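> Fold the following for me, if possible:
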Amino acid sequence: MELSDLRRRPDVSAPGLEASDAADRLILDEARPFVDALVAEVGSDAAGAALVTIGDTHGALTLGVAAANGLRGIRAHQDALLGERAILENARRLGYAEAVRMLPAEAELVEGARVVLLRLPRSLDALDEVGALIAEHAADDVVVIAGGRLKHMSPAMNHVLLRHFGRVDVSHARQKSRVLVVREPHPSGIGGSAGPDAAWPRRAHDDELGIEIVSHGGAFAGTSVDIGTRFLIGELPVAIGGELPERAIDLACGTGVVAVALARLLPAAQIEAYDQSAVAVDSARATAAANGVAERILVERADGLELVGDGDADLVVLNPPFHSGGALTTALAERLFADAGRALRPGGRLVAVWNSHLKYRPALQRLVGPTRQIARNPKFTVTVSTRP
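Sure, this is the predicted structure:
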């Protein structure tokens with residue numbers, strides 16, 4: 001198998017978005033001696049069960065190491081649902097269906113692991129949480145081969161990893177990528193991560209909104225509220241107006257602060273929150289519980305509104321993402337706009353906030369329906385689009 005055989009499907013495809021890159025190739029090359037030693041020690045059948053991949057975007061790490069060593073049963077975790085589905089689809093299509101087991105980011109994922117291939121997350125909080133998980137549950141001799149693109153790496157990553165491990169070795173750069181080889185786990189937090197303030201998930205109270213926010217590492221904005229979402233929440237009473245929806249949805253919900261705001265504004269409505277990020281879904285559920293509205297908000301991991309039937313929703317609220325990994329793209333937002341247009345009933349509304357320079361209004365009018373601006377500040381625009 002060649003990495004060029006991999007496809008992004010069903011993940012978003014757009015110029016600049018690839019199924020693998022130089023960082024994946026470097027991680028596989030740096031991992032080779034450790035994987036070879038593991039296979040020589042325990043055999044290929046057992047080696048697969050002792051190997052874990054985390055953050056593998058579309059299967060390059062998991063299927064690359066499986067193909068090179070004849071491994072099966074590799075445990076893998078990918079936060080993004082579309083990335084997870086792409087790994088499984090690539091595995092099926094290329095004949096490696098038995099090579100991978102997708103698991104949530106819990107103890108079972110890394111229990112007893114000897115070698116972990118990690119695509120470094122851009123968030124230091126996400127790295128801290130996954131580092132703590134590996135150090136707590138992997139084997140004492142675990143080796144973590146963690147890599148990424150230089151433009152997304154920083155010396156701070158070494159310091160985060162040293163909270164949980166005793167040794168971090170840095171590879172030479174190659175094709176604008178680098179690898180950290182991490183060893184000597186200390187699950188008790190010897191490096192300074194112990195204590196209640198370091199535990200995951202973390203929480204904070206937003207006094208302005210009166211919302212308790214709970215966040216796992218890597219959730220968008222963490223325990224704060226980004227300025228676009230704050231602007232959106234402030235405009236919700238005007239956007240909703242007098243026609244109160246029966247079914248309101250927080251799409252791409254992040255930590256769930258919009259869902260909580262909707263639950264408070266619409267006490268008689270059914271509130272739902274969807275995100276393809278496992279970290280976001282776990283955070284949103286915890287945020288709903290912390291604010292006493294867990295029984296009123298259904299939170300699910302999903303690709304957009306795939307769990308909502310055509311014409312079934314009265315209101316969708318969205319702060320769309322415009323990054324896929326490190327790439328800027330409007331494809332993600334337009335995909336969500338189209339899904340909202342499908343799921344809304346005639347007369348249903350999409351309330352969206354977006355960076356004004358992105359000029360989404362023509363796309364909203366084309367994919368949803370007539371669109372009016374209800375608020376604008378120096379950076380953001382809030383619009384209401386109505387399905388005809």
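> can we go C-alpha only for contacts and neighbour counts from here?
OK.
> mind checking the SS state of residue 378?
coil (DSSP: H, G, I helix; E, B strand; the rest coil).
> Tell me how many other residues crowd it.
Using other CA atoms under 10 Å, residue 378 has 7 other residues around it.
> Contact partners for it?
By CA atoms under 8 Å, 6 or more residues apart in numbering, no residues touch residue 378.
> Over to residue 216?
125, 126, 129, 200, 201, 202, 222, 279, 280, 282, 283.
> So the nearest residue to the fifth one once chain neighbours are set aside versus residue 72, what's the distance?
What it means is residue 201. Leaving aside its sequence neighbours, residue 201 sits nearest to residue 216 (CA to CA, 6 or more residues apart in numbering; 4.5 Å). Distance, residue 216 to residue 72, by CA to CA, to the nearest Å: 30 Å.
> can you check residue 361 too?
Counting by CA to CA, the separation of residue 361 from residue 72 is 48 Å.
> between the two, who's got more neighbours?
residue 72 (24 against 19).
> Could you pull up the residues touching the more buried one?
Here residue 72 is in contact with 45, 48, 49, 66, 98, 99, 100 (criterion: CA under 8 Å, 6+ apart).
> which residues does the fifth one contact?
For residue 98, the set of contacting residues under the criterion of CA under 8 Å, 6+ apart consists of 72, 73.
> Likewise for the second one?
When the contact criterion is CA under 8 Å, 6+ apart, the partners of residue 48 are 66, 71, 72, 73, 74, 75, 99.
> Relative to residue 138, how far out is it?
14 Å.
> repeat for the last one
Residue 100 sits 18 Å away from residue 138, taking CA to CA as the criterion.
> Now do the phi/psi pair for residue 293.
When read as degrees, to the nearest 10, the backbone of residue 293 gives phi -120, psi 20.
> again, but for the one 4 residues further on
Its backbone dihedrals place residue 297 at phi -120, psi 120, with angles given as degrees, to the nearest 10.
> Excluding chain neighbours, what is closest to it?
residue 271 (4.9 Å).
> part of a strand, is that neighbour?
Yes - counting by three-state DSSP, residue 271 is part of a strand.
> For stretch 213-229, C-alpha coordinates in CSV please.
This file holds the C-alpha atoms of stretch 213-229, laid out as CSV (Å, rounded to 0.1, in the frame of the first residue of the first chain):
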residue,chain,number,x,y,z
ILE,A,213,-18.4,26.0,30.7
VAL,A,214,-16.8,22.5,30.9
SER,A,215,-14.1,21.7,28.3
HIS,A,216,-12.0,18.7,27.4
GLY,A,217,-8.6,19.5,25.9
GLY,A,218,-8.8,20.7,22.3
ALA,A,219,-12.5,21.8,22.4
PHE,A,220,-12.9,25.1,20.5
ALA,A,221,-12.3,28.1,22.8
GLY,A,222,-11.8,25.8,25.8
THR,A,223,-13.5,27.2,29.0
SER,A,224,-13.9,30.6,27.4
VAL,A,225,-16.4,31.9,24.9
ASP,A,226,-15.0,33.1,21.6
ILE,A,227,-16.0,36.6,20.6
GLY,A,228,-18.1,35.4,17.6
THR,A,229,-20.2,33.1,19.7
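> Quick check: buried residues in that stretch?
With burial defined by 16 or more other CA atoms under 10 Å, the residues of stretch 213-229 counted as buried are 213-220, 222-225, 228-229.
> I'd like those laid out as a markdown table, including pLDDT and distance to residue 3.
Shown next, in a markdown table, are the buried residues of stretch 213-229 (pLDDT from 0 to 100; distance: CA to CA, whole Å):
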| residue | pLDDT | distance to residue 3 |
| --- | --- | --- |
| 213 | 98 | 40 |
| 214 | 98 | 38 |
| 215 | 98 | 34 |
| 216 | 97 | 31 |
| 217 | 96 | 29 |
| 218 | 94 | 27 |
| 219 | 96 | 29 |
| 220 | 94 | 30 |
| 222 | 96 | 33 |
| 223 | 97 | 37 |
| 224 | 97 | 38 |
| 225 | 98 | 39 |
| 228 | 97 | 38 |
| 229 | 97 | 38 |
